[in-house]
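Peer 1: Need a 3D model of the sequence below.
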Amino acid sequence: MPDVFTKQKRSEVMSRIKGKGNKDTELAMIQILRKNHVSGWRRNQAVLGKPDFVFPKLKIALFVDGCFWHGCPKHSNMPRNNRKFWEKKLQQNKDRDKYVSRELKKAGWKVIRVWEHELKFSEKIVAKVKKRFEK
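Peer 2: The predicted structure follows:
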């Protein structure tokens, strides 16, 4: 099915989609951290890659990656329309994620990446975070 918008209008519509406060990811992670009394995290810190959560004293960067936007091997479905665009876009996202993780680690940061679908298993996420506290 062809797009109902012109390329210019579609670009305008897509540019208005917020990159913060996503209820399925960041807000769900806030609930998990609070429920399990995990403290010391901050949001919107000036750290490479804009981690969703930063534990500044421990130099831990926590990213909550959406399954679609970050190419989850289990749940990411490639759109049928405009396939070349989406392949390039999603590959760039994955490449950027690898680059950011590598550079943060070089700078002495511990990096935690959580898939959107993992948010259903809060105990595993909390264990993963607390494990990084100990290292």
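
Peer 1: drop to CA atoms for contacts and neighbour counts, all remaining ones
Peer 2: OK.

Peer 1: mind listing the strands for the protein?
Peer 2: According to DSSP state E, the chain carries its strands in the segments 53-55, 60-65, 110-115.

Peer 1: Contacts for the first one, please.
Peer 2: The list of residues contacting strand 53-55 from outside it, by CA atoms under 8 Å, 6 or more residues apart in numbering, reads 40-45, 60-63.

Peer 1: List just the nearest of the residues you listed to K130.
Peer 2: K130 has its nearest neighbour among those in I60, at 10.7 Å by CA to CA.

Peer 1: List the residues that contact the residue lying closest to that closest one once chain neighbours are set aside.
Peer 2: Of all residues not flanking I60 in the chain, K110 sits nearest, at 4.7 Å (CA to CA, 6 or more residues apart in numbering). When contacts are counted by CA under 8 Å, 6+ apart, K110 is found next to 59-61, 104, 132.
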